[in-house]
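[1] Got a predicted structure plus its sequence, pasted below:
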Number of protein chains: 2
Amino acid sequence: MSSDAPHRTATGRATGRPGDASPFALGLLLRQAHWRAATVMTEAIRPLGIELRHFSVLIVLADRGPMVQRDLAPATGSDKAGIMRVVDDLERKGLAVRKAVPGDRRVRKVEITPQGLELFHAAHVAAEPMAARLVADLEPGEAELLRDLLTRLAYPAGGDA
Amino acid sequence: MSSDAPHRTATGRATGRPGDASPFALGLLLRQAHWRAATVMTEAIRPLGIELRHFSVLIVLADRGPMVQRDLAPATGSDKAGIMRVVDDLERKGLAVRKAVPGDRRVRKVEITPQGLELFHAAHVAAEPMAARLVADLEPGEAELLRDLLTRLAYPAGGDA
DNA sequence: GTCTCACGTGAGAACGTATCGAATGCGGGC
DNA sequence: GCCCGCATTCGATACGTTCTCACGTGAGAC
């Protein structure tokens, strides 16, 4: 066993376990961490009757106001067809509405309803304790540090150099 | 603006944008970061003819040796049915083989082939420069710090308290 | 004999891609 | 200046693929 690694790199091989220092370690960690966060947040908003894909659309609508479906797709990271289904669900639940745009008869502006805003706020109340549990193993200040690092990783300067 | 938030929390509302301090910010960042990492890594190993779901199985097989499909599912975070198809693909490509276990005729041990190990190594070579580009916006040492924080977030002490 | 376990298969939902239909804006021809 | 094709764009739909959950079959444990 000691002779089969004569010129191994300093990064090592992927193991998918804690301590992995391979080129794939960061991606594997992100997958695992995202899976845990998504599981926790899904459970948090489940009592409200929606899933994360619906909620991410509500976030964009609540933050940036009424929006054309065309711009909604890249903003949520989904595609047009996926947005269609989510908006269909939101409309069926009365959380958002499609409104015609006076100037253009082909575009349809999506707008969050007061009911949707109410659910949006309720989700925050429900998610706050869960979010605190997520970072329970981190020291004070480390959660903010992690957010900063992730922000720079997720949104690289200059779009995507 | 100053009158509509009499008792707002210190965390604010979810925006899905950099600077978000809501309970959902971490999850949204993890989603975005994971999406970027997965996209980069998928491109890195695409020339090898496999996808990430195949490669994550190869990682486990290369790290822990031959493995029963039953244990392979939780190790990769996938479902048993999903493992089935992935192992089918790997077997078809000659990267892994199903072997009967002498004592138990129902279990089938999955083992990586020399060809699979070769591809496993080649993937590291291809992924290393991509992984470096992923963390290009981070200062020296911050990538290791991020890995440490993510490890503690993804694998909380005591399993999942 | 019965219970449990592991593998495999099937049905259903979700996701992404490709395509269609409707509408707008533009440019050439009259 | 007005009208008619043409490319573009948005919304919506259809299709193939992938993931998830539930069930069936064969093998081992008690």
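    Nice, thanks for sending it over. Numbering: from 1, shown residues only, chains lettered A, B, ... in the order given.
[2] the strands in chain A, which residues?
    A:67-68, A:96-100, A:108-112 (DSSP state E).
[3] would you turn those into a markdown table with mean neighbour count?
    From N, CA and C alone the C-beta is placed, and that goes for glycine too. Shown next, in a markdown table, are the strands of chain A (neighbours: other Cβ atoms under 10 Å in any protein chain shown):
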| stretch | mean neighbour count |
| --- | --- |
| strand A:67-68 | 16 |
| strand A:96-100 | 16 |
| strand A:108-112 | 18 |
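[4] Using CSV, please lay out those together with distance to B:Asp79 and mean pLDDT.
    Formatted as CSV, the strands of chain A follow (distance: least, Cβ to Cβ, whole Å; pLDDT from 0 to 100):
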stretch, distance to B:Asp79, mean pLDDT
strand A:67-68, 35, 96
strand A:96-100, 32, 96
strand A:108-112, 33, 96
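[5] Including distance to A:Leu29, could the ones you listed go into TSV?
    Formatted as TSV, these follow (distance: least, Cβ to Cβ, whole Å):
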stretch	distance to A:Leu29
strand A:67-68	33
strand A:96-100	35
strand A:108-112	34
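[6] Nearest to B:Ala136 among these would be which one?
    Shortest distance between B:Ala136 and the strands of chain A, using Cβ to Cβ, is found for strand A:67-68: 31.6 Å.
[7] Check whether the closest one comes near DNA strand C.
    No: on the criterion Cβ under 7 Å from any atom of the strand, strand A:67-68 is out of touch with DNA strand C, staying 13.0 Å away.
[8] for that strand, the distance to its chain's centre please.
    Centroid displacement of strand A:67-68 relative to its chain, using Cα atoms, centre = their mean, to the nearest Å, is 19 Å.
[9] picking up where we left off before, let me have the strands of chain A in a markdown table, adding distance to chain B as columns.
    Below are these laid out as a markdown table (distance: least, Cβ to the nearest Cβ, whole Å):
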| stretch | distance to chain B |
| --- | --- |
| strand A:67-68 | 12 |
| strand A:96-100 | 16 |
| strand A:108-112 | 12 |
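[10] right, and those strands - which one's nearest A:Ala14?
    Per Cβ to Cβ, nearest to A:Ala14 of the strands of chain A: strand A:67-68, 40.1 Å.
[11] helices and strands around the closest one, which ones?
    Strand A:67-68 sits against strand A:108-112, with contacts defined as 3 or more Cβ pairs under 8 Å, 6 or more residues apart in numbering or on different chains; DSSP states H and E.
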